[in-house]
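In: Okay, sequence plus prediction incoming.
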Amino acid sequence: DAGVIQSPRHEVTEMGQEVTLRCKPISGHNSLFWYRQTMMRGLELLIYFNNNVPIDDSGMPEDRFSAKMPNASFSTLKIQPSEPRDSAVYFCASSYYTGVKYEQYFGPGTRLTVT
Amino acid sequence: SQQGEEDPQALSIQEGENATMNCSYKTSINNLQWYRQNSGRGLVHLILIRSNEREKHSGRLRVTLDTSKKSSSLLITASRAADTASYFCATDLYNQGGKLIFGQGTELSVKP
């Protein structure tokens, strides 16, 4: 299996521009998670989906952030408009959640720089 | 504050020594997991311990869980330079649909 795939790996954009991050989870997994990592705040959970349905988006910083999962093999995280404080590494992770035990598989991350 | 808090924040040891990292949490858990992150990469799952387990081994890794103290420890024996990475504990709370709460991590440096 190719693992969790994220694109792009690096993104540099100017303040005010729209940014779209993409994630392809591992085939067969039923849960997908978006995280943001910075030195100051560590690893933060932004939103997660079970069976393509958003379960908890309480970690989404503000209305500028939105996430979708139109099907089991694709998800997007969009920031519009972007701001310099959004600069971070964004990770997507997937898992096969059974309610008993499971592990999350992380993608390589997208390093976002907003100037 | 974080559900999972690691201690120490940074640890520097010589190759061959053992490394111990601790994690404390606040609420009841379903299980606790440890992850590793090499610089510039995503996190990688190392080991999971259920709330009804007290100790678990995997190769050079040993994890303990004390639910009465709400704490866990990760021991890496006979460390190698390749073990240099950040280590995170993550707690899985009941009925949260698989949501994990990650701590801030321990940065381990193993010097050859």
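Out: Noted; the coordinates are in hand.

In: Please count neighbours and contacts with C-alpha atoms only from this point.
Out: Fine.

In: Show me the shaky parts of the chain.
Out: Answering for chain A, as no chain was given. A:1, A:99-101 (pLDDT under 70).

In: wrong chain, I was asking about chain B
Out: In chain B, residues with pLDDT under 70: B:1-4.

In: Please verify my assumption that B:Phe88 contacts B:Glu6.
Out: Yes - judged on C-alpha atoms under 8 Å, B:Phe88 makes contact with B:Glu6 at a distance of 7.3 Å.

In: need the residues of chain A near chain B, please.
Out: A:31, A:42-45, A:48, A:50, A:55, A:91, A:97, A:99, A:101-109 (C-alpha under 8 Å from any C-alpha of the partner chain).

In: Just the buried subset of those residues, written out for ChimeraX, thanks.
Out: To isolate the buried ones among those in ChimeraX, judged by 16 or more other C-alpha atoms under 10 Å in any protein chain shown, type:
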select /A:31,43,44,45,48,50,91,97,101,102,103,104,105,106,107,108,109
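
In: Residue of chain B nearest chain A, please.
Out: Nearest residue of chain B to chain A: B:Gly42, at 4.8 Å (C-alpha to the nearest C-alpha).

In: Not counting residues beside it along the chain, what's closest to that residue?
Out: Take B:Gly42 and drop its neighbours on the chain: the residue closest to it by C-alpha to C-alpha, 6 or more residues apart in numbering or on different chains is A:Pro108, 4.8 Å away.
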